[in-house]
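>>> Dropping the sequence and predicted coords here.
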Amino acid sequence: MDMLWNGWGDPAKAAPLPGTVTGVLRDLLGVKPRATPALGPDDIRLPPTTAGPAALAALAEAVGGERHVRTDPGSRIRHTRGKSTPDLLRIRAGDVTDVPQAVVLPATHDEVLAVLRACAGHGLAVVPFGGGTSVVGGLAPRRGAFIALDLRRMNGLLDLDPVSRTAVLQPGLRAPEAEALLAGHGFTLGHFPQSFEWATIGGFAAARSSGQASAGYGRFDEMVLGLTLATPEGTLETGRAPRSAAGPDLRQLVLGSEGAFGVITSVTVRVRPLPAVRVYEGWRFGSFEEGTAALRRLAQDGPRPTVLRLSDETETLIGLAQPDAIGAGLAQGGAGCQAITGYEGTAEDTAYRRERAAAVLTECGGTPVGTEPGERWAHGRYSAPYLRDALLDVGAFAETLETAAFWSRVPDLYTAVRTALTDTLTRAGTPPLVMCHISHVYENGASLYFTVVSAQGEDPVAHWTPAKHAANEAVLATGGTISHHHGVGTDHRDWYVREAGPLGVAALRAVKRRLDPDGLLNPGVLLPTD
């Protein structure tokens, strides 16, 4: 099943906002319904495919027949850009300027290589396409005609080594399918980002994804032991041992490369035994500062829960800590900040870590509020993108951005980004509601995840762009990274170039020239085009 062409995920899971929330948005932020009626897919007129018969024939030959090369309007529309709010607003307005010429579906590594050769021969750029969940412009290349290389047919578990606890997965395997296949052997990957229901294994690696249980299982890039990369110049194999001192780790050139260096065709990952117990619970802190200190204590000195998150006062009040209960905090008149802790593993280990962590959290000023908030969070953990779509439907603008910094810089980073967003949007006549939570913790720092809601303004995309740029400037000015887990794409590219520095960018350009000399792969994503 494909995702909604103009929204997130499964149409059956989309739900309208409660009337009370719509009223609050109107009264608090001045949100009002858009006057322009929504377009349907049949209302959108696509430009004709410019890839000629010879190019389409070469692509069909590469992937085993014409049925695996799609040029119909529905396929092309569903592979236009990703799922950021600007992406959705543009497609809802009928803007299909970034539509691919064709959607090509290979089934093997060799077919991917053949597609790359065909594209090189006919001057077509290539955008690797997994779940289509990019929110940073990672599927909108800055070059003319291109194809979307949809990897959904490459969706198998190729190997499982229970002794070493490793698995080899194909890139088009969606996360739920990967978990189901591994569970059949008694294992889990333990990677559960908000995009879990739709994102793919290849996308996790290409964007350095980080799941909501990263405190316990680690980030996806920490799980990757090896990769196979198809490039216009041939095949790159990386990773043959759990650790190595044989030169620089070439995996790191592929992880986070966002399809700019090649197409990931297999990923070797470490897996863990399925947990016998999963427990999620809630805690309350008087302030975000107090809660942040408690999370740092657990991250640095332990015991570290599997899941560890903290919402600021505004997010707690609105109820985004529990996306399926939006507005609950307002109705209850709640105060303070809500934290979620989760524990997965054996019954004995889970009970031990939970008891010790509770002692630390209590000592740091936390108050336990039982398992109900934690279970509600776990139940609604993938529902926030649907909530975003419902907000867009009633005329609100809703978008997210994230960053990370060392613990000592987190307070200034938090204040600077909030101030940049609030000031910019208020000057534009659309004062926002800015919420934040700590989404991932490490011994040395943490990630901040911001959610912004405001009225859309006359031109929603133009309304957001200055605010996003101001937030990016605030991130760099206060020592944060331009992205913790969403990636670079085109939206963050110019700030990534500044973060990496001239010599770092020159080194990456040299890699791209060697692996992709004609600049076919996702041009303009990650690095500026020459």
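That came through fine. What you see is a predicted model, and the numbers here were worked out from it, not measured in a lab.

>>> Please count neighbours and contacts with C-alpha atoms only from this point.
Noted.

>>> So for stretch 115-130, what gets flagged as buried?
For stretch 115-130, a neighbour-count test (16 or more other CA atoms under 10 Å) marks 115-120, 122-130 as buried.

>>> same thing with stretch 394-404?
Val394, Gly395, Ala396, Phe397, Ala398, Glu399, Thr400, Leu401, Glu402, Thr403, Ala404.

>>> Point out the ones among the residues you listed that are inside strands.
Ala396, Phe397, Ala398, Glu399, Thr400, Leu401, Glu402, Thr403, Ala404 (DSSP state E).

>>> If I follow the layout properly, Glu344 ends up in contact with Thr350?
Yes. With contact defined as CA atoms under 8 Å, Glu344 counts as touching Thr350 (6.2 Å).

>>> how much space between Tyr343 and Leu310?
15 Å (CA to CA, to the nearest Å).

>>> So the two - more neighbours on which side?
Taking other CA atoms under 10 Å, Tyr343 and Leu310 do not tie; Leu310 has more neighbours (28 against 25).

>>> part of a strand, is the more buried one?
Yes. Using DSSP: H, G, I helix; E, B strand; the rest coil, the assignment for Leu310 is a strand.

>>> start the count at 19, not 1, going forward
Shifting the count to begin at 19 puts that one at Leu328.

>>> from the buried residues of stretch 133-148, which ones fall inside helices?
Val133, Leu134, Arg135, Ala136, Cys137, Ala138, His140 (DSSP state H).

>>> So which of those residues is the closest to Ser465?
Nearest to Ser465 out of these is Leu134 (CA to CA; 36.6 Å).

>>> for the ones in helices among the buried residues of stretch 133-148, which one is nearest Arg445?
Nearest to Arg445 among these is Cys137, at 46.5 Å by CA to CA.

>>> Identify the residues contacting that closest one.
Applying CA atoms under 8 Å, 6 or more residues apart in numbering to Cys137 gives the contacts Ala73, Leu77, Ala143, Val144, Leu538.

>>> what's the spacing between the second one and Gly208?
Right, the one you point to is Leu77. Relative to Gly208, Leu77 is positioned 36 Å away (CA to CA).

>>> Which of those two has more residues huddled nearby?
Applying other CA under 10 Å to Leu77 and Gly208 shows that Leu77 carries more neighbours, namely 29 against 26.

>>> did I read that right, that one in a strand?
No. Going by three-state DSSP, the assignment for Leu77 is helix, not a strand.

>>> right, and it touches Leu134 too?
No. Counting by CA under 8 Å, Leu77 does not reach Leu134; the two are 9.0 Å apart.

>>> Would you mark the buried spots in stretch 442-454?
Quick answer for stretch 442-454 (16+ other CA under 10 Å): Thr442, Leu443, Thr448, Pro449, Pro450, Leu451, Val452, Met453, Cys454.

>>> Just the endpoints, please. Distance across that stretch?
Terminal-residue distance, stretch 442-454 (CA to CA): 17 Å.

>>> how distant is that stretch from the center of its chain?
Distance of stretch 442-454 from the chain centroid (CA atoms, centre = their mean, to the nearest Å) equals 23 Å.

>>> Same question for stretch 239-246.
18 Å.

>>> can you give me the mean pLDDT across that stretch?
Averaged across stretch 239-246, pLDDT comes to 98.

>>> Pull the residues that contact it.
223, 226-227, 253-260, 269, 272-273, 282-289.

>>> Can I get that stretch in PDB, CA atoms only?
Extracted C-alpha coordinates of stretch 239-246, given in PDB (Å, rounded to 0.1, in the frame of the first residue of the first chain):
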ATOM      1  CA  ASP A 239      24.000   4.100  12.500                       C
ATOM      2  CA  GLU A 240      25.300   2.400  15.600                       C
ATOM      3  CA  MET A 241      23.400  -0.800  14.600                       C
ATOM      4  CA  VAL A 242      25.000  -1.000  11.100                       C
ATOM      5  CA  LEU A 243      27.900  -3.400  10.800                       C
ATOM      6  CA  GLY A 244      28.100  -3.400   7.000                       C
ATOM      7  CA  LEU A 245      26.600  -2.000   3.800                       C
ATOM      8  CA  THR A 246      26.600  -2.700   0.100                       C
END
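
>>> Tell me which residues touch the residue lying closest to His503 once chain neighbours are set aside, please.
Nearest residue to His503, sequence neighbours excluded (CA to CA, 6 or more residues apart in numbering): Ser227, at 5.0 Å. Listed by CA under 8 Å, 6+ apart, the contact partners of Ser227 are Pro211, Gly221, Arg237, Phe238, Asp239, His503, His504.

>>> how much space is there between Ser227 and Ile219?
Taking CA to CA, one finds Ser227 at 10 Å from Ile219.

>>> pretty sure Leu466 is in a strand, no?
Yes. Counting by three-state DSSP, Leu466 falls inside a strand.

>>> and it, how many neighbours does it have?
The burial count for Leu466: 24, using other CA under 10 Å.

>>> Provide the strand pairings for the strand or helix carrying Val452, with the direction of each partner.
Applying DSSP states H and E as the criterion places Val452 in strand 451-459. With DSSP bridges as the test, strand 451-459 is paired with strand 325-329 (antiparallel), strand 463-473 (antiparallel).

>>> which residue ranges form the helices in the stretch 169-318 of the chain?
193-201, 219-224, 232-235, 238-241, 269-272, 306-319 (DSSP state H, counting those that start in this stretch).
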